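Engineer: sequence and predicted structure, then a few things I'm wondering about:
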Amino acid sequence: MPCGEFDWKGFVLQEVAPEERRRMEEHLKGCAACRQEVEALGLTVVAVRRLPQQPVPRRLAFVSDPVFELPWWKRLWRMPAPAWGFAGALVIAAAIIAHGLLTPPPAAPARADAAEIRRLVEEELERQVPARVEAAVKAHVAPAAAQLEARLAAFEQRVEKERRADLRDVTAAFELLQKRINNVYLATAQYGGD
Amino acid sequence: MRTWIMALALAAALPGQNARPTRQEIAALEKSFNQRLARLDLERPVEVLGMTRGVYLDGYGVVFTAEINLAPAPGLSPFRPALSKEEVARIRELKLKRLPQIKALMQQLLLAAAQSLDRLPADEHVALALLLWSNPWEDAAGLPRAIQMQGRKGALLEVALERQPPQALAQILRVREE
């Protein structure tokens, strides 16, 4: 019987029938290659049996199972931007509608007599406008007027001072001229003139 | 008879001659004073603004007055409304320089007057007052507006005739500046 027809895995795992096992043992005595294969398999079995015992998971999960689904808030976070924009627009629209529905309508203005209102407004204007105008004038015009007045006073003083100085110089010049003319008259008289 | 008439006329004339200086004598001195004042500096003469006037005051003596400008300056006009500070300072400097010169000239004029006024009694005075003109725009600080000098004729004559040294004038003359 050729070597490839024997179930060496079943031999190592002792899963073959006893009759088949005896024939396989007879073969192993004369076939070095099969013997080497059986030894390798046996080492593998020994190594597997030395692994620690792990409890079998109670439940197997697959990627398609719902256990791998993201929570709703994560799915919400991963929502695309256009969806966000649309949702925001919906919220704003809802808020506007709610505001429109929930806000009570403004009270209708009380109807009053137009002439009475006009009279009251005119009285109030007559009472407040002069005082406010005067206050505004005092606040804005008075400082400028005071400044202008001070400058005018200073200018007048300077002009008056210059005018007096000019008058003094002119008077002195005329006095000097008169003295010179007197000298001419005297000289003329001394030398026989008229 | 003619001798008596001549004697009477001489007797009438003599008291009049010795009583006071004549106007002609004073006028001659006025003219002399004007010339000497004007010739103090021939390059830049002193301007005599008020000619010398002399008058005899009975019992006191002869008093002369004159007005001068120690340093004539160009006048102001619309085309030259003001002088520069340098020009004002230059005029002031010239006036200060001429002040002692004019005082010395006044002493000489008084000595000359004492010599010329023969009819003035020796115990009467010769006085000279000079008014110094200054323009309003000038820096007149330290410059007098008037100088007066007076002394007795006899004492002045002593110096003029060199019987007293010129230094004696300091005691003889009374000087007043205003």
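Structural biologist: Nice, thanks for sending it over. Residues are numbered from 1 along each chain as shown, chains lettered A, B, ... in the order given.

Engineer: list the buried residues of the strand or helix carrying B:A155.
Structural biologist: Taking DSSP states H and E as the criterion, B:A155 maps to helix B:153-160. Residues of helix B:153-160 classed as buried: B:K153, B:A155, B:L156, B:L157, B:E158, B:V159, B:A160 (neighbour count, 16 or more other C-beta atoms under 10 Å in any protein chain shown). To be clear about C-beta, it is placed using only N, CA and C from the backbone, and glycine gets the same treatment.

Engineer: pretty sure A:S64 belongs to a strand, no?
Structural biologist: No - with DSSP: H, G, I helix; E, B strand; the rest coil as the criterion, A:S64 is assigned coil and is not in a strand.

Engineer: just the pLDDT for it.
Structural biologist: Listed pLDDT for A:S64 reads 71.

Engineer: pLDDT score for B:S84?
Structural biologist: We have a pLDDT of 90 for B:S84.

Engineer: now B:A12
Structural biologist: 50.

Engineer: helix or strand right after the helix holding B:A155?
Structural biologist: helix B:169-172.

Engineer: please report phi then psi for residue 121.
Structural biologist: The chain I'm using is chain A. Dihedral pair for A:V121: phi -60, psi -40, per degrees, to the nearest 10.

Engineer: switch to chain B, please.
Structural biologist: Main-chain torsions, B:P121, degrees, to the nearest 10: phi -60, psi 150.

Engineer: and the buried residues of helix B:153-160, which two are the farthest apart?
Structural biologist: Across these, the longest distance by C-beta to C-beta is 11.1 Å; it joins B:K153 and B:V159.

Engineer: picking that back up, how about JSON lines for the buried residues of helix B:153-160, with pLDDT and distance to B:G54 added?
Structural biologist: JSON lines is the format used below for the buried residues of helix B:153-160 (pLDDT from 0 to 100; distance: C-beta to C-beta, whole Å):
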{"residue": "B:K153", "pLDDT": "96", "distance to B:G54": "14"}
{"residue": "B:A155", "pLDDT": "96", "distance to B:G54": "20"}
{"residue": "B:L156", "pLDDT": "96", "distance to B:G54": "15"}
{"residue": "B:L157", "pLDDT": "95", "distance to B:G54": "18"}
{"residue": "B:E158", "pLDDT": "95", "distance to B:G54": "22"}
{"residue": "B:V159", "pLDDT": "95", "distance to B:G54": "21"}
{"residue": "B:A160", "pLDDT": "95", "distance to B:G54": "18"}
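
Engineer: mean confidence score for stretch B:168-178?
Structural biologist: 94.

Engineer: would you map the helices across the chain?
Structural biologist: Let's take chain A. With helices called from DSSP state H, chain A shows them at A:8-12, A:18-30, A:32-50, A:72-77, A:81-102, A:114-190.

Engineer: right idea, wrong chain: chain B
Structural biologist: With DSSP H as the criterion, chain B has helices at B:2-19, B:23-38, B:85-116, B:153-160, B:169-172.

Engineer: alright, that wraps it up for me.
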